[in-house]
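**Q** The sequence and its predicted three-dimensional model are supplied below.
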Amino acid sequence: MAKKGVDKKHSETAIFGALHRAIANKEFNNERFGPDFLAEYFLPAHFKFFIRFKKIRANVKKNLTSLYQDYMNTLLPEQLILTLFLLMR
Amino acid sequence: MLYGAGYDSRAYRFSKLCSATKIFELDIATTQHRNKKCLRKAKVEIPKNVTLVPINFNKESLKDVLEKAGFDHYKKTLFLWEGVTYYLHPESVDVTLDFVSQSKHYETIIVFDYMTSKSEENNNYYGVKEFLKTMKNQHSGEKLMFVIEEDKIGSYLEQRGLKMIDNLNNVEIEKTFLLNENGTLIGKITGHFRFVMASPKLEKLVSENDR
């Protein structure tokens, strides 16, 4: 199946922008940065689930360019439980 | 005016503060469609002063799209253009800046971020290599197409009928926006990103009253 052109797909980078803001809302002083309490509503279901966990949020903050894309984009459902188990140790 | 608004939620979170301000959110139709769907699911009503304007920045005329949507050149306008310019053809960036430069209000401002061109020096700045690699491998559908050479932003804007008010490099962005109260940095900015603020070069002061 041919890949959709950029004007036929919604923006992935916009979703990652919302991801950053959703994590910042959970991690930082809201008075200083302004609480973007709506950012989470724009995330796909699996992102919303992952950012509930402090260790995952900490990893995203630490590796803002490459690692979080690897985590978030390539994590398959069947690896979910194992990955969460490893992160929760 | 939010160009490439994505999932910017300021118009909804600050709706009481902005109720007297007309807000235009521009983005590609597919992102806006998803945006509306998510807002509906969150039971967030789009305020009456917010207009969602679908546009393909690379194909459609900004002037035509905005005028149809009710934009008024004579009104004081803040153009916010965040996280977009690097994905556009240089000609599309020119069209947008040209549109802003034709604003008739002397207090109109545009704020946007951009990337500087890759050089031997900035290739080693924080996060640059990783960012470029990630964009190539993970977001190949959103190619990086536009940069402005380091230290050329002033002349670049001048040639497009705008005057630079302020320009921040990555270190200045960090010091301005990412300092903890104890002086430590909350985070770092990928080394080749810059913020710039500019306004139209108007030959005379023009405001709504001069229409």
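**A** Nice, thanks for sending it over.
**Q** Could you pull up the residues touching residue 43?
**A** Looking at chain A here, since you left the chain open. Residues in contact with residue A:43 (C-beta atoms under 8 Å, 6 or more residues apart in numbering or on different chains) are A:15, A:18-19, A:22, A:51. (Glycine included, C-beta is placed from N, CA and C.)
**Q** Go ahead and list the helix or strand containing residue B:53.
**A** strand B:50-54 (DSSP states H and E).
**Q** and the residue nearest to residue B:165 when sequence neighbours are not counted, what does it touch?
**A** Among residues not flanking residue B:165 along the chain, residue B:197 sits closest, at 4.4 Å (C-beta to C-beta, 6 or more residues apart in numbering or on different chains). Applying C-beta under 8 Å, 6+ apart, we find residue B:197 in contact with B:109-111, B:164-167.
**Q** List only those of the residues you listed flagged as buried.
**A** Neighbour-count burial (16 or more other C-beta atoms under 10 Å in any protein chain shown) is assigned, among the contacts of residue B:197, to B:109-110, B:167.
**Q** Regarding the residue nearest to residue A:28 when sequence neighbours are not counted, what are the backbone dihedral angles?
**A** Once flanking residues are discounted, residue A:28 sits nearest to residue B:186: 7.3 Å by C-beta to C-beta, 6+ apart. Per-residue torsions, residue B:186: phi -80, psi -40 (degrees, to the nearest 10).
**Q** Verify the stated contact: residue B:186 with residue B:175.
**A** No: using C-beta atoms under 8 Å as the test, residue B:186 is too far from residue B:175 to be in contact (11.3 Å).
**Q** Would you mind telling me which of the two has the busier surroundings?
**A** The residue with more neighbours, out of residue B:186 and residue B:175 and counting by other C-beta atoms under 10 Å in any protein chain shown, is residue B:186; that gives 16 against 12.
**Q** Tell me the predicted confidence for the more buried one.
**A** Predicted confidence (pLDDT) for residue B:186: 78.
**Q** what's near enough to touch it?
**A** Neighbours of residue B:186 in contact, by C-beta under 8 Å, 6+ apart: A:28, B:178-180.
**Q** For the residues you listed, which entry has the maximal number of neighbours?
**A** residue A:28 (16 neighbours).
**Q** Could you export stretch B:117-124 as CSV, CA atoms only?
**A** Taking Å, rounded to 0.1, in the frame of the first residue of the first chain, the C-alpha atoms of stretch B:117-124 are listed here in CSV:
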residue,chain,number,x,y,z
SER,B,117,21.8,25.5,8.2
LYS,B,118,24.0,22.6,9.1
SER,B,119,27.7,23.5,9.5
GLU,B,120,30.7,21.7,10.8
GLU,B,121,30.4,23.8,13.9
ASN,B,122,26.7,23.3,14.8
ASN,B,123,26.7,19.7,13.7
ASN,B,124,28.3,19.0,17.1
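**Q** anything in that stretch near chain A?
**A** No: Stretch B:117-124 is not in contact with chain A by C-beta under 8 Å from any C-beta of the partner chain; minimum separation 14.1 Å.
**Q** Could you look up the SS state of whichever residue of chain B sits closest to chain A?
**A** Residue of chain B nearest chain A, by C-beta to the nearest C-beta: residue B:6 (3.2 Å). Classification of residue B:6 using DSSP: H, G, I helix; E, B strand; the rest coil returns coil.
**Q** Count the neighbours of the closest residue in space to it that isn't next to it in sequence for me.
**A** Of all residues not flanking residue B:6 in the chain, residue A:14 sits nearest, at 3.2 Å (C-beta to C-beta, 6+ apart). Residues lying near residue A:14 (other C-beta under 10 Å) number 23.
**Q** shaky segments in chain B?
**A** B:138-142, B:203-211 (pLDDT under 70).
**Q** Is residue B:126 within a helix or a strand, and which one?
**A** Counting by DSSP H and E, residue B:126 is found in no helix or strand.
**Q** what do you get for residue B:199?
**A** strand B:193-200.
**Q** Just the buried positions in that strand, please.
**A** Result for strand B:193-200 [16+ other C-beta under 10 Å]: buried residues B:193-196, B:198-200.
**Q** Model confidence for the residue in chain A that chain B sits nearest to, exactly?
**A** Going by C-beta to the nearest C-beta, chain B is nearest to residue A:14 of chain A, at 3.2 Å. Residue A:14 is assigned 87 on the pLDDT scale.
**Q** residues of the host helix or strand of it that come out buried?
**A** Per DSSP H and E, residue A:14 falls inside helix A:12-27. By neighbour count on 16+ other C-beta under 10 Å, the buried set for helix A:12-27 is A:12-25, A:27.
**Q** Cheers, nothing more for now.
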